[in-house]
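Student: what's the 3D shape of this:
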Amino acid sequence: MLYIEKFGEEGLTFDDVMVVPAVSEVLPRDVDIKTNLTRDIKLNIPIMSAGMDTVTESRMAIAMAREGGIGVIHKNMPIERQALEVDRVKRSEHGVISDPIYLAPENQVHEALVLMERYRISGVPVTVNGRLVGILTNRDLRFERDFTKKIGEVMTQKNLITAPVGTTLEQAQDILRQYKIEKLPIVDNNFNLRGLITIKDIEKTRQYPNSAKDERGCLVVAAAVGVTTDTMERVEALVKANVDVIVVDTAHGHSKNVMNTVTKIKEKYADISLIAGNVGTAAGTRDLIKAGADAVKVGIGPGSICTTRVVAGVGIPQITAIYNCSREAAGHGVPVIADGGVKYSGDITKAVAAGADVVMLGSILAGTEESPGDIEIYQGRSYKV
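Tutor: All right, here's what the predicted structure looks like:
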């Protein structure tokens, strides 16, 4: 290689460019910002929260999906807990809950309380061999002191208000209003529990009309995995928890282990949407797509806490990386996610203008109420720690 060939093209980052204003006949309220996250999954806004332990767990993922984006549950936790975080997102909001959580009359009150706290719900149907026999709500437990008592002794079991399979949300709302209840079990002709509709879910549908949801009406959620010995075990647990997207999240995505992992996951779970990264070149984008990625995450070192450029001296200025990678991905019909370097809202616009389909946010969300951590007051100001 000649010495002069060691230096590539000029690299541009967010601070180096501005979007040139031009004539427009479109009003802001008429703008459509829907986008593709992967080949199969669409978002209503081009925003996703990063899979960082200071940014995204279930609370942030729920907030992102309600606004039309998606959150990536971070991987810095045991497999079981990450799967639980995904499950919390999937159960947080439904149209009709087709697989409601239920208990048996023999379960004890303390078991119900643990379950209700875990999923942040106010009531649980009670069944025997699938047949609805009662419902347990906060109202039944409000004055209960004996937590070892069986649920069958305290649940509501007489005059249960139910609805048949096929009941619409509009019909359910009328029933809930008429009987002044919050939960409506859906039963078949044999009184077997087939679903659940809650007033909370109906209200959330109105409050968050742009929510990003799957075909069952549940919020969409992604989860990060690495390239480790337990990767396939983690992926299996996440798939069982009904995760929508798996994100193979590494500092250098254009490497043999990462590409082999992508191929291995895609071969076993062909129907799951798979994002892989990070890369900063067209070649890296092309190889990840060939390995099986349904979307490619772009960004080598631009993040606020990323030390790749400092420690290894490796990186590509982010605007240039997005542009080069998006041009390559467009030829394969695969979306590109811009990950890192966003300090201001205007940087999101620049990333999209450079070719990104979705922009991942990290530090800009880290101090919000929905991010993990505790709030500490220091000299009159709130800090997230």
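Student: Which stretches in the stretch 251-385 of the chain count as helices?
Tutor: All helices of the stretch 251-385 of the chain, identified by DSSP state H, counting those that start in this stretch, fall at 256-268, 282-291, 308-311, 318-330, 345-354.
Student: Over to the stretch 51-200 of the chain?
Tutor: Using DSSP H, counting those that start in this stretch, helices in the stretch 51-200 of the chain cover 58-66, 79-92, 109-119, 138-141, 151-154, 169-179, 199-207.
Student: I'd like to know which of those lies nearest to Val187.
Tutor: helix 169-179 (12.8 Å; CB to CB). Where C-beta positions appear, they are placed from N, C-alpha and C, glycine not excepted.
Student: which residues sit against that closest one?
Tutor: For helix 169-179, the external contacting residues (CB atoms under 8 Å, 6 or more residues apart in numbering) are 95-96, 161, 163, 167, 182, 184, 197, 199, 202, 205.
Student: from those residues, which would you call buried?
Tutor: Neighbour-count burial within the contacts of helix 169-179 applies to 95-96, 163, 167, 184, 197, 199, 202, 205; the criterion is 16 or more other CB atoms under 10 Å.
Student: Quick check: the closest residue to Pro302 other than its chain neighbours vs Thr127, distance?
Tutor: Nearest residue to Pro302, sequence neighbours excluded (CB to CB, 6 or more residues apart in numbering): Gly341, at 3.2 Å. Relative to Thr127, Gly341 is positioned 51 Å away (CB to CB, to the nearest Å).
Student: Among the two, which residue is more densely surrounded?
Tutor: A direct count of neighbours by other CB atoms under 10 Å for Gly341 and Thr127 places Gly341 higher, at 26 against 20.
Student: Would you check that the more buried one makes contact with Lys350?
Tutor: No - checked against CB atoms under 8 Å, the pair Gly341 and Lys350 is beyond contact range at 9.7 Å.
Student: can you list residues touching both of the two?
Tutor: By CB under 8 Å, 6+ apart, the residues touching both Gly341 and Lys350 are Phe14.
Student: tell me the mean pLDDT for stretch 357-369?
Tutor: Stretch 357-369 shows a mean pLDDT of 93 in the predicted model.
Student: And for stretch 168-184?
Tutor: Computed over stretch 168-184, the mean pLDDT rounds to 90.
Student: and what of stretch 319-329?
Tutor: Stretch 319-329 comes out at a mean pLDDT of 97.
Student: Name the helix or strand of this protein that has the lowest mean pLDDT.
Tutor: helix 308-311 (a mean of 70; mean pLDDT, DSSP states H and E).
Student: From Ser371, how far out is Ala353?
Tutor: From Ala353 across to Ser371, the span is 28 Å (CB to CB).
Student: if we can go back for a sec, can the helices of the stretch 251-385 of the chain go into CSV with extra columns for mean neighbour count and distance to Val72?
Tutor: Listed next are those as CSV, based on neighbours: other CB atoms under 10 Å; distance: least, CB to CB, whole Å:
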stretch, mean neighbour count, distance to Val72
helix 256-268, 17, 15
helix 282-291, 21, 17
helix 308-311, 13, 19
helix 318-330, 24, 18
helix 345-354, 19, 17
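Student: looking at those, which is closest to Tyr378?
Tutor: helix 345-354 (26.9 Å).
Student: which secondary structure elements does that closest one contact?
Tutor: Of the remaining helices and strands, those touching helix 345-354 by 3 or more CB pairs under 8 Å, 6 or more residues apart in numbering; DSSP states H and E are helix 318-330, strand 358-361.
Student: try it again with 10 Å
Tutor: helix 318-330, strand 336-339, strand 358-361 (3 or more CB pairs under 10 Å, 6 or more residues apart in numbering; DSSP states H and E).
Student: Need the residue closest to the centroid of the chain.
Tutor: What sits nearest the mean C-alpha location of the chain, by CA atoms, centre = their mean, is Val221, with 2.3 Å.
Student: Contacts only, for His289.
Tutor: Careful, residue 289 is Ile; it's not His. Counting by CB atoms under 10 Å, 6 or more residues apart in numbering, Ile289 touches 262, 276, 295-296, 328-329, 331-334.
Student: what do you get if the cut-off is 8 Å, keeping everything else the same?
Tutor: 296, 329, 332, 334.
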